[in-house]
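Provided below are the primary sequence and the corresponding predicted coordinates.
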Amino acid sequence: MATNRKMYYEEYREFLQGYKTGLPTNAELVGELIGRLSSDYCDYNLQLVEANRQLFMVAGDIEARTDDNGKTISSAKAQSFVNATDQNFKAMELKAHLSNLEVFMSALRSLQKGILNEYSYQGNN
């Protein structure tokens with residue numbers, strides 16, 4: 001992910017704060033922000049693919065473990081161990097970022113549509 005850019009939630013929050021305080025906003029500016037958030041979405045999605053790959057590798061190692069008696073550990077116990085790994089946390093964190101981005105982009109599309117409708121209405125009067 002592009003590290004030289006602000007985190008998406010900071011950028012979104014700053015945009016909304018500006019909108020609330022009356023900074024000029026048009027559909028094009030909203031569209032540009034949607035485009036930047038879409039790029040972040042793609043970056044996080046690719047990171048999630050790699051995180052899942054790492055998680056599956058760890059899960060395979062855990063599921064192959066044996067207990068003190070030499071028996072393969074139960075699937076429930078293996079899943080418990082997998083859930084506690086850093087790889088699982090990373091995958092969950094990336095999924096949360098993707099969900100956040102989906103919500104932000106949806107809200108921005110609604111705002112953009114509202115702005116376009118407002119301009120359209122003003123042009124017809």
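That came through, no problem. Numbering: from 1, shown residues only.

so how far is residue 87 from the most centrally placed residue in the chain?
The chain has residue 98 as the residue nearest its centroid, 1.9 Å off, counting by Cα atoms, centre = their mean. To residue 87, residue 98 is 17 Å away according to Cβ to Cβ, to the nearest Å. C-beta coordinates here come from the backbone N, C-alpha and C atoms, glycine included.

ditto for residue 35
Look at residue 35 and residue 87: by Cβ to Cβ, they are 31 Å apart.

comparing those two, which residue is more hemmed in?
When residue 35 and residue 87 are compared for neighbours, residue 87 comes out ahead with 17 against 11, by other Cβ atoms under 10 Å.

residue contacts, that one?
Residue 87 is in contact with 51, 54, 55, 58, counting by Cβ atoms under 8 Å, 6 or more residues apart in numbering.

hmm, 10 Å instead?
Shown in contact with residue 87 (Cβ atoms under 10 Å, 6 or more residues apart in numbering): 51, 52, 53, 54, 55, 56, 57, 58, 59.

list the buried ones in stretch 97-115?
For stretch 97-115, burial by neighbour count (16 or more other Cβ atoms under 10 Å) applies to 97, 98, 100, 101, 104, 105, 108, 111, 112, 115.

tell me the pLDDT of the last one.
Spelled out, it's residue 115. In the predicted model, residue 115 carries a pLDDT score of 93.

other SSEs contacting the helix or strand residue 18 falls within?
Element membership for residue 18, per DSSP states H and E: helix 8-20. Secondary-structure packing of helix 8-20 (3 or more Cβ pairs under 10 Å, 6 or more residues apart in numbering; DSSP states H and E): helix 27-63, helix 86-123.

export these as a markdown table, with columns for distance to residue 7.
Putting the helices and strands packed on helix 8-20 into a markdown table (distance: least, Cβ to Cβ, whole Å) gives the following:
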| stretch | distance to residue 7 |
| --- | --- |
| helix 27-63 | 9 |
| helix 86-123 | 9 |
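
and of those, who's closest to residue 13?
Nearest to residue 13, of all those, is helix 86-123, at 9.6 Å by Cβ to Cβ.

having no further points to raise, I will conclude here.
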